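Asks: everything below, folded, please.
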Amino acid sequence: DMYGHLGSIFLAFPPQRIPVIIFTTEEFLDAWRAPFIGGFYDKRDGKIRIRVDEVPGGDEEFRHRTRHELTHAFLHELDPRDLPSWASEGVAEFYARSGSSDGFWKEARLDEIQKLCRNQPWLTLEDIQDAISKKKVPPMVIGRAYLESEALVLWVAKERGESWVPHVMRYWRDHKVSFDDAFEAVLGLTPKTALENLHHVWE
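Replies: You can find the predicted model right below:
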């Protein structure tokens, strides 16, 4: 279902099949010793590995994890260049949650993230990149980096429409420019300015 959903959005399908390997909680933890990770996409072998837990979350959490990781895999198969961390994680989380029958889900999720981030210092795009890619900061900062990444993608979608993602991805792929340049070419502002605008709205 998600494969078809993303293909219709990006008007393209990866040329290679994307294997998904399902692990029980115990198997996953024995292999990777990462209790805070529910799954990951490995670019080296092109496979998704997902942990399925009976509780908490159950089927809904499994669905969310799978959609998130499949988005990572799908985008990498379309263009193997690395996205900035905020775009990679924010877009994956956006499509993991999309498809809701609630027409105001983006606004509701933004409100939720704003409350979670209240009374904490804002992160820059550089802070987000370091936190997500290097994981050498406290877990609270890493969590906030993921939340601000998701919020930025959501906020741009709310302001400019959900099609901004495939439009920027297509420009990035076709013109072989940096992702920031593709973002600015399509939307008329830089990711840095977009994040600053979001912070201003939240202040």
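Asks: excluding chain neighbours, what is closest to Ile142?
Replies: Nearest residue to Ile142 in three dimensions, chain neighbours excluded: Ala131, at 5.0 Å (C-beta to C-beta, 6 or more residues apart in numbering). For glycine as for every other residue, the C-beta is placed from the backbone atoms N, C-alpha and C.
Asks: return the residues in contact with the one you found.
Replies: By C-beta atoms under 8 Å, 6 or more residues apart in numbering, the contact list for Ala131 reads Ser85, Leu123, Val137, Val141, Ile142, Arg144, Ala145.
Asks: nearest to His200 among these?
Replies: Leu123 (14.6 Å; C-beta to C-beta).
Asks: I'd say that closest one and Gly143 touch.
Replies: No - the pair Leu123 / Gly143 is not scored as a contact, 10.9 Å apart, by C-beta atoms under 8 Å.
Asks: neighbour count winner among these two?
Replies: Leu123 (22 against 14; other C-beta atoms under 10 Å).
Asks: what helix or strand is the residue nearest to that one when sequence neighbours are not counted located in?
Replies: Distance criterion C-beta to C-beta, 6+ apart; nearest residue to Leu123, sequence neighbours excluded, is Glu148 at 5.4 Å. If you go by DSSP states H and E, Glu148 is part of helix 139-160.
Asks: what's next to that helix, contact-wise?
Replies: For helix 139-160, contacts defined as C-beta under 8 Å, 6+ apart pick out 36, 85-87, 89-91, 93-94, 106-107, 109-110, 113-114, 116-117, 120, 122-123, 127-128, 131-132, 135, 164-165, 187, 191, 194-195, 197-198, 201.
Asks: if you rank the contacts of Ala131 by neighbours, which is first?
Replies: Ala145 (24 neighbours).
Asks: mean confidence (pLDDT) on stretch 20-28, please.
Replies: Averaging pLDDT along stretch 20-28 gives 90.
Asks: any idea how far apart the tips of that stretch sit?
Replies: 14 Å (C-alpha to C-alpha, to the nearest Å).
Asks: buried set for that stretch?
Replies: Buried residues in stretch 20-28, defined by neighbour count with 16 or more other C-beta atoms under 10 Å: Phe23, Phe28.
Asks: the helix or strand of the chain with the lowest mean pLDDT: what's the following helix or strand?
Replies: Lowest on mean pLDDT, DSSP states H and E among the helices and strands of the chain sits helix 25-32, with a mean of 87. Downstream of helix 25-32, the first helix or strand assigned by DSSP H and E is strand 39-42.
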